[in-house]
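> Can you look at this prediction? I've put the sequence above it.
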Amino acid sequence: MTDEHAKNHEFLVVVNDEEQYSVWFADRDLPPGWRAEGTRGTREDCLAHIDRVWTDMRPRSVREHLAAHRG
C-alpha cells in the first residue's frame, strides 16, 4: 500500500484469539477470527498503538503453555 493510499483511509486495530494485533481498513468487514480492539485512526496512529500495547509477540497459547510448564 502506498503512503498516499493509506492517508485516504481510516483504520482499526484488530486482534485475534491468540492476541496478535494488526491494522484493518475501517470500512471493510473484519476477516474471520479477528475483532476490533477499539482503536481507530490513521494507519500510523494504529501502528503506534500496537507498538505500545503488544509487548509480548508470542501467541497467547504459547505464553499459556510456557506458564503452565514452568517450574
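Cool, the structure landed. Everything numeric here is computed off the predicted structure, so don't read it as measured data. Residues are numbered from 1 along each chain as shown.

> which stretches of this structure have low pLDDT?
1-6, 71 (pLDDT under 70).

> I'd like the next helix or strand past the longest strand that the chain contains.
Looking across the chain with DSSP state E, the single longest strand is strand 34-41. Later in the chain than strand 34-41, the nearest helix or strand by DSSP states H and E is helix 43-53.

> For the helix or strand following that following helix, C-alpha coordinates in CSV please.
Once helix 43-53 ends, the next helix or strand along the chain (criterion: DSSP H and E) is helix 60-68. Output in CSV follows, covering the C-alpha atoms of helix 60-68 (Å, rounded to 0.1, in the frame of the first residue of the first chain):
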residue,chain,number,x,y,z
ARG,A,60,-1.4,-16.4,23.7
SER,A,61,-1.3,-20.2,23.5
VAL,A,62,2.5,-20.3,23.7
ARG,A,63,2.5,-18.0,26.7
GLU,A,64,0.0,-20.1,28.5
HIS,A,65,1.8,-23.3,27.7
LEU,A,66,5.1,-22.0,28.9
ALA,A,67,3.5,-20.6,32.1
ALA,A,68,1.8,-23.9,32.8
